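what shape does this take:
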Amino acid sequence: MISYKAIAGAPFFAKAINAKWTLTKNQDASTKLIMNFDIQFKGIGGILSPLVRKKLGGVGDVLLDDFKFYVENGRPHPRKVASK
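Have a look, this model is predicted:
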């Protein structure tokens, strides 16, 4: 399990962002990555909660794709390299 807390760079509506990544081995010897995110909203930021959840789903898909590419190829995803 990998866990981290974002202490800088969080969006204006977030007090804190915590994440936990858990890797588990499947019966077919493949690996499953589960990503859980917890956002502590500040002020009236909780109103944005449904929109944030939807956006995090898309971000999670990109993170998962980047992680999978890196594990399988030993280098960053070309999309990530191109964005620098």
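
any idea which residue sits dead centre in this protein?
Centroid-nearest residue in the chain: Gly60, 4.6 Å away (criterion: CA atoms, centre = their mean).

contacts for the helix or strand hosting Lys55 next, please.
Per DSSP states H and E, Lys55 falls inside helix 49-73. For helix 49-73, the external contacting residues (CB atoms under 8 Å, 6 or more residues apart in numbering) are 13, 33, 35, 37, 39, 41, 76-77, 79-80. Heads up, the C-betas are built off the backbone N, CA and C, glycines and all.

for those, name the two members farthest from one another.
Phe41 and Pro76 (31.4 Å; CB to CB).

most neighbours, which of the contacts of helix 49-73?
Using other CB atoms under 10 Å as the neighbour criterion, Ile39 leads the contacts of helix 49-73 with 22 neighbours.

was I right to think that one contacts Ala14?
Yes - Ile39 lies in contact with Ala14 (CB atoms under 8 Å); the separation is 5.3 Å.

for Asp38, what are its contacts?
17-19.

give me the below-cutoff pLDDT ranges for this structure.
In the predicted model, the chain carries no residue with pLDDT under 70.

90 - rerun?
1-19, 21, 29-65, 67-68, 71, 79-84 (pLDDT under 90).

what helix or strand is Trp21 located in?
Using DSSP H and E, Trp21 falls in strand 14-25.

give me the sheet partners of that strand and which way each runs.
Within its sheet, and counting by DSSP bridges, strand 14-25 is paired with strand 2-6 (antiparallel), strand 31-41 (antiparallel).

what does the shortest one rub up against?
Just to be clear, that refers to strand 2-6. 14, 16-22.

10 Å instead, please
14, 16-23, 33, 35-40 (CB atoms under 10 Å, 6 or more residues apart in numbering).

just to revisit the earlier point, the helix holding Lys55: which residues count as buried?
For helix 49-73, the neighbour count (16 or more other CB atoms under 10 Å) marks 52, 56, 63, 69 as buried.

distance check, the first one against Tyr4.
Pointing back at Val52 there. With distances taken as CB to CB, to the nearest Å, Val52 is found 18 Å from Tyr4.

likewise for the third one?
Using CB to CB, one obtains 12 Å as the distance from Leu63 to Tyr4.
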